[in-house]
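**Q** Dropping a prediction and its sequence here:
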Amino acid sequence: MLFYLKPANRSMQLSVFVLVLFCLCLSVYGNNKHDGSIKHDDPMLNTETPNYKEYCVIGAGPGGLQIAYFLENAGRDYIVFEKGYGAGTFYLKYPIHRLLISINKRNTGKTNKEFNFRHDWNSLVSHDESLQMTKYSKDFFPPADVLVQYLNDYATKLNLKVQYNSTMHDILKRKDGLFQMWDQHNNAYTCKYVIMATGIATPNKPEFPGSELVDGYEDLPIDLDEYEGQSVLIIGRGNAGHETAQHIMGSTNVVHMIARTATKLAWATHYVGDLRAVNNGLLDTYQLKSLDGLFEAKIEDLNITRSSLDGRLYLVPDVDVSPGGSIVSEADNDATREGYDRIIRCVGFQFDNSVFHSSLNVERGVGTRKKYPKISFLYEALDVKKLYFAGTNTHSLDWRKSAGGFIHGYRYTVRTLHRIMEWKHHGVQWPAVKFSNPLDLMTHMFKRINEASDIYQMFSVLCEVIIFDENNFSSTYLEAYPCALISRLEKVSGHPVPDSIMVTSLEYGKNFSGAGKDPFKSGRAAYGASVSHRSNFLHPVLYYYKEKYNDTAFISKHRQWVLPVPDRVHHILEEFTTKFDAHKTHTLQTRRFMEESLGVDLRNFFADQCFALSLVSSSLPAGCKDRNESSTLTVATDPLTAQLDRSFDIFTQPLVQTRLL
């Protein structure tokens, strides 16, 4: 477009030129500004680093705050972005009926903090003992609002760097390897590493004919008058579904529940994500003939319609909803034939990957794990390096195996992620305890077995790893190391593995847990050391490997085994109080296992016994040596030898080389 003005009107010509230039600039800005999708020139090629942080954490829920705590303590450059106005805003709404099902056991009869943490399922790890949920509520199942208060206190008292009211979107990875993202005000941020701690917070909404007629769990009214005299069908039989049934069953005519598979009880499967006793009241009213009931059907095959005659909701025929879920022929006794006043969807949540730009390929899991992002055992996205996950969104790694989807579990998997990143990005080795004497090692091992909360809650997922030297005497002890990464021990932990290793894992019996199992049957417990390998309840299992196994051995192991077949294995006899301190049953049997594995005498001796041994043996057992590998005899007999004639020094030396059996 050309403008022609007479020279006489120079001022007007200049004004028009400025106006046109301004409009052109505005047009260019409008075409290139970031308004929620990438419209400006390829941001992948950006080299500027606005608002740079080494670590960007997305989400200030429990997982985000926990990783922030570890980053803060390590002195790392980080920031946490939270879209809400405070920490833990998910719990401002969920669970809908406001009661947590994570236990808050305030009294254990013990003063050991680590042991007590085994039974505190809501607190995060920190050095501040005032930041424990047991000090916030006396309820065994605390209200959700108390957890929100706790999380905000945690962020404030520990001075965590959280930026609230920041909704991040279009996270992408640039060609230079840095991540870039924008908030809702189009402020740009760059970082070297991204940690997604957004949880599994998006309601799962399966589509089927009539799904628009269904009320979602996320929108349920909690006023019981809303359900007075109604017949209700609940789709889904997890804790959310049963929590809803428990809440409304005193006001309804009937409550029916549909799910794809039979109900799984947490006490039978030992998986805390299955139906908990606190929510299973409807099982009583079902089996004790009080109108309520359970059905099995494929949710995607449902077909719901509203009758124009009575306004009630009906399931269209040809959907098998008979108890047991087997295929049935047409019949007129369908239990759903009278219809429902309300149908409620309670089928859980899924990970929201809409926060990523389309150029960032973050895949979901498959099958039963499709609600989680697909990640490696390093908690890193499979197809996007330096993109990590923390919190409940990592539960795909231990789904239905351990507690990684819940605070009392992922507070430790988050710590595991941090330790992995510390070595990988900063050269800080995995924390370890060094032992020069196997006796001291065994003492520490039993202390951990009886007190540690991390391996107790993340059983079969986090292991204790002992790395021995070439002589099977000195050792390096790694606490709460991921069992799945033992084949890559040097690469992940930074510790060399010169020879054999021993691994301790807490496990249930192989055939004890599962849907339909009876955990209360007679003879369920093993009572003697000779049958400790038949232990069913949670108990320690020791694996000894003459040399570290490789990835292939781990991948090809039996699916029920935590680790590949070892050279030696020992089950410490179960004890339902999880106290493994009986001398004959626990300690002595374990000592003998370690002696046979290491070829070392691990008996304890008095000083006079060590003196006698020194007269007949050229080498002393471990029980006669202190932590510095010097002889206990030296310390114990110094006053005595000082009184002896120096000419008799020869008699303090071994006379013959023999081994005392």
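**A** Great, that's in hand.

**Q** the strands in the stretch 101-250 of the chain, which residues?
**A** Assigned strands in the stretch 101-250 of the chain, in chain order: 162-163, 169-173, 179-182, 188-196, 202-203, 215-216, 231-235 (criterion: DSSP state E, counting those that start in this stretch).

**Q** Please state the mean pLDDT value computed over the fourth one.
**A** For strand 188-196, mean pLDDT rounds to 97.

**Q** quick one: it to strand 169-173, angle?
**A** Interaxial angle, strand 188-196 versus strand 169-173 (axes from the mean of the first three to the mean of the last three CA atoms, to 10 degrees): 80 degrees.

**Q** Using JSON lines, please lay out the strands of the stretch 101-250 of the chain together with distance to Ser617 and mean neighbour count.
**A** (Glycine included, C-beta is placed from N, CA and C.) Formatted as JSON lines, the entries for the strands of the stretch 101-250 of the chain read as follows, by distance: least, CB to CB, whole Å; neighbours: other CB atoms under 10 Å:
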{"stretch": "strand 162-163", "distance to Ser617": "63", "mean neighbour count": "18"}
{"stretch": "strand 169-173", "distance to Ser617": "64", "mean neighbour count": "20"}
{"stretch": "strand 179-182", "distance to Ser617": "63", "mean neighbour count": "23"}
{"stretch": "strand 188-196", "distance to Ser617": "56", "mean neighbour count": "22"}
{"stretch": "strand 202-203", "distance to Ser617": "69", "mean neighbour count": "16"}
{"stretch": "strand 215-216", "distance to Ser617": "76", "mean neighbour count": "16"}
{"stretch": "strand 231-235", "distance to Ser617": "73", "mean neighbour count": "24"}
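
**Q** excluding its backbone neighbours, what's nearest Glu338?
**A** With sequence-adjacent residues excluded and distances taken as CB to CB, 6 or more residues apart in numbering, Glu338 is closest to Ser231, at 7.0 Å.

**Q** rewinding a little: mind checking the strands of the stretch 101-250 of the chain for the one nearest to Thr585?
**A** strand 188-196 (44.1 Å; CB to CB).

**Q** Find the centremost residue of this protein, please.
**A** With the centre of the chain defined as its mean C-alpha position, the nearest residue by CA atoms, centre = their mean is Gly404, 2.2 Å away.

**Q** got a pLDDT number for that one?
**A** Among the per-residue scores, Gly404 shows a pLDDT of 96.

**Q** about what we covered before: can you name the residues bridging to the residue nearest to Glu338?
**A** Using DSSP bridges, the beta-bridge partners of Ser231 come out as Val254.

**Q** what do you get for Leu275?
**A** Leu265.

**Q** Distance check, it against Thr443.
**A** 41 Å (CB to CB, to the nearest Å).

**Q** So between those two, which is more surrounded?
**A** The neighbour count for Leu275 versus Thr443, taken as other CB atoms under 10 Å, is higher for Leu275 (23 against 13).

**Q** Might one say that Ser211 is in contact with Ile304?
**A** Yes - with contacts counted by CB atoms under 8 Å, Ser211 reaches Ile304, the gap being 7.2 Å.

**Q** ok, the two, which is more surrounded?
**A** A count of neighbours by other CB under 10 Å puts Ile304 above the other of Ser211 and Ile304, at 21 against 18.

**Q** wait, is Ala268 part of a helix?
**A** Yes - according to DSSP: H, G, I helix; E, B strand; the rest coil, the state of Ala268 is that of a helix.

**Q** now it: how far from Arg524?
**A** Using CB to CB, one obtains 12 Å as the distance from Ala268 to Arg524.

**Q** Show me the common contact partners of those two, please.
**A** For the pair Ala268 and Arg524, residues contacting each of them under the criterion CB atoms under 8 Å, 6 or more residues apart in numbering are Asp518.

**Q** quick one: which of those two has more around it?
**A** Remark: of Ala268 and Arg524, Ala268 carries more neighbours, 19 against 15, as counted by other CB under 10 Å.

**Q** who's in contact with the more buried one?
**A** When the contact criterion is CB under 8 Å, 6+ apart, the partners of Ala268 are 274, 513-519.

**Q** Tabulate the residues you listed (JSON lines), appending distance to Ala245.
**A** Rendered in JSON lines, the data for these read as follows (distance: CB to CB, whole Å):
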{"residue": "Asp274", "distance to Ala245": "16"}
{"residue": "Ser513", "distance to Ala245": "25"}
{"residue": "Gly514", "distance to Ala245": "24"}
{"residue": "Ala515", "distance to Ala245": "19"}
{"residue": "Gly516", "distance to Ala245": "21"}
{"residue": "Lys517", "distance to Ala245": "24"}
{"residue": "Asp518", "distance to Ala245": "24"}
{"residue": "Pro519", "distance to Ala245": "24"}
